[in-house]
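Student: A predicted structure for the sequence below; I have some questions about it.
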Amino acid sequence: MTDDDRPDLARRRLLTRIGLAGATAYTAPALTHLGMAHASGGSGGGSGAGSGGSGGRDSWRPARRQTRPRPNRPRAAQPRQAPPPPPEILLLLPAGTSVTPAIDAGYEVRATVSNDLLDGRLYRLDLPAGRSIEDGLADLAGLLPGALMDENHFYTPDAFLCDSEGCDAHEMIGWSGWPSIYAPRLGMIDTGINQDHPALSGQKLTIHQADLGPRAEAGRKHGTAIAAMLIGRLDYRVPGLLPNAELVAVEAFHRGHLGEQADAFSLASAMDLLMAADVDVINMSFSGPYNPILEEMIIRATERETAVVAAAGNGGPGAEPAYPAAFDAVIAVTAIDREEGIYRQANQGPYINFAAPGVRVWAAASVSGGRLKSGTSYAAPFVTASLAVQRVRAPSVPLDQTVAEMVRCAKDLGAPGRDSVFGDGLVAAPGQCFAGDTEFLPVSGE
């Protein structure tokens with residue numbers, strides 16, 4: 001599909017109203033509800049790894065952009081579809097365990113990195129000639145008892161461009177007033193981000209680069225769109241859901257056989273960076289197969305009360321479960337259109353938790369301006385933003401209780417009760433509740 005540059009009068013009227021709401025928010029710091037903006041998922045943080053939590057931050061300090069220098073990566077033109085790479089094994093060894101038995105058996109270490117969250121070291125291993133993944137896993141299980149391993153799986157962004165007009169996404173969930181005092185710290189794993197995009201100029205954005213080795217880094221369309229949906233400037237054409245938030249983003253994708261793809265090795269490294277940055281919620285607008293090491297990372301993150309939100313996947317209603325969304329510890333988000341109908345490409349299954357707008361969503365283009373886009377990628381940031389604000393509003397409330405309250409306040413769609421299409425229903429904006437309540441959670445300090 002292609003971008004749609006035709007005038008969208010409804011969107012212009014919406015942005016005009018947003019501009020007036022924005023002026024109100026900045027002159028009335030006592031406001032506690034949030035407002036309209038664009039929704040893949042980003043991470044917050046005005047500082048790099050090792051920064052403190054968001055509880056005592058002053059959201060009214062001047063916005064700033066902090067970035068870590070990114071290593072130069074090859075950007076040579078590539079074929080439309082690169083050949084598939086040789087299969088690799090992703091190996092996790094506990095701290096102090098040697099990989100030498102595997103090397104002696106003919107397995108070559110392609111890359112390695114320590115991982116604090118897993119308290120061990122990750123390896124990308126090439127297989128010896130003539131050995132399959134199944135052979136390799138059997139070999140290594142005998143050579144390295146107690147190690148965790150699987151194929152080094154690949155994951156791709158959950159996005160499609162769309163060519164229709166209209167954008168009622170924000171009003172659908174009650175996102176009708178701009179944020180004032182809340183500035184959560186968000187985490188995001190995605191493709192590259194154009195930090196010079198006007199929507200992100202001056203915003204509190206920190207970008208890390210995952211270790212890609214010699215592989216060419218991915219493009220910046222998807223990552224830029226998700227980042228702007230989360231923290232885009234209030235006064236630009238694609239305002240973000242939480243323009244005062246801090247975003248810590250990890251660029252973990254490279255160009256390969258599947259187009260823009262990230263392997264489990266890079267994703268695990270990205271999660272380790274975000275946990276060190278002490279983010280409140282991590283947005284993952286991508287999907288792929290099951291991987292036990294990625295699952296263990298997410299389990300440990302949620303045990304530390306860091307929420308993980310992921311796109312449900314765009315494989316269609318008959319597709320296999322998509323990960324990380326289908327992990328039990330992850331909050332999986334599907335996409336709906338303005339009539340509250342399910343996105344035709346969305347995955348379905350018992351792992352779906354919430355629905356959010358994700359069809360014809362107005363999102364940032366890679367260089368400037370915006371485009372209408374569709375996919376579960378663009379639904380996930382609505383849940384990420386809502387959950388992040390609730391964590392800041394009530395920091396003493398356990399994560400599972402916060403999510404339970406979001407379930408209670410969601411708008412039931414489809415069959416009565418939870419179902420495999422819409423999950424528990426349409427997520428509500430912070431301070432809103434489709435159940436009719438005026439208060440979402442006990443709010444400390446208000």
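Tutor: Sure, I can see it.
Student: what lines up beside the strand or helix carrying Val113 in the sheet?
Tutor: Using DSSP states H and E, Val113 sits within strand 108-115. Taking DSSP bridges as the criterion, strand 108-115 forms sheet pairs with strand 120-126 (antiparallel).
Student: What are the boundaries of the helices in the stretch 151-300 of the chain?
Tutor: Ranges of helices in the stretch 151-300 of the chain, per DSSP state H, counting those that start in this stretch, are 169-172, 221-231, 264-276, 292-303.
Student: I'd like the average pLDDT over the shortest one.
Tutor: The one in question is helix 169-172. Average pLDDT, helix 169-172: 62.
Student: for stretch 244-260, same thing?
Tutor: What stretch 244-260 shows for mean pLDDT is 93.
Student: chain center to that stretch: distance?
Tutor: The chain centre lies 9 Å from the centre of stretch 244-260; the measure is Cα atoms, centre = their mean, to the nearest Å.
Student: Could you tell me the end-to-end distance of that stretch?
Tutor: One end of stretch 244-260 to the other measures 29 Å (Cα to Cα, to the nearest Å).
Student: Starting from the helix or strand bottoming out on mean pLDDT in the chain, tell me the next helix or strand along the chain.
Tutor: Lowest by mean pLDDT, DSSP states H and E among the helices and strands of the chain is helix 9-27, with a mean of 37. Using DSSP H and E, the helix or strand that follows helix 9-27 in sequence is strand 88-94.
Student: That next one packs against which elements?
Tutor: Judged by 3 or more Cβ pairs under 8 Å, 6 or more residues apart in numbering; DSSP states H and E, the packing partners of strand 88-94 are strand 120-126, helix 133-143, strand 148-151, helix 264-276, helix 292-303. Placement of C-beta: from N, CA and C, glycine included.
Student: most tightly surrounded among these?
Tutor: The highest mean neighbour count among the helices and strands packed on strand 88-94, using mean count of other Cβ atoms under 10 Å, belongs to helix 264-276: a mean of 25.
Student: mind checking how far that helix is from the chain centre?
Tutor: Here the centre of helix 264-276 is set off from its chain's centre by 13 Å, with Cα atoms, centre = their mean.
Student: what comes into contact with it?
Tutor: Around helix 264-276, the neighbours that count as contacts under Cβ atoms under 8 Å, 6 or more residues apart in numbering are 43, 49-50, 90, 111, 113, 115-118, 122, 124, 150, 152-155, 187, 189, 208, 210-212, 248, 250, 252-254, 262, 282, 291, 293-294, 297-298, 301, 304, 306.
Student: try 7 Å
Tutor: 43, 49-50, 90, 111, 113, 115-117, 122, 124, 152-153, 155, 187, 189, 208, 210-212, 248, 250, 252, 282, 291, 293-294, 297, 301, 306 (Cβ atoms under 7 Å, 6 or more residues apart in numbering).
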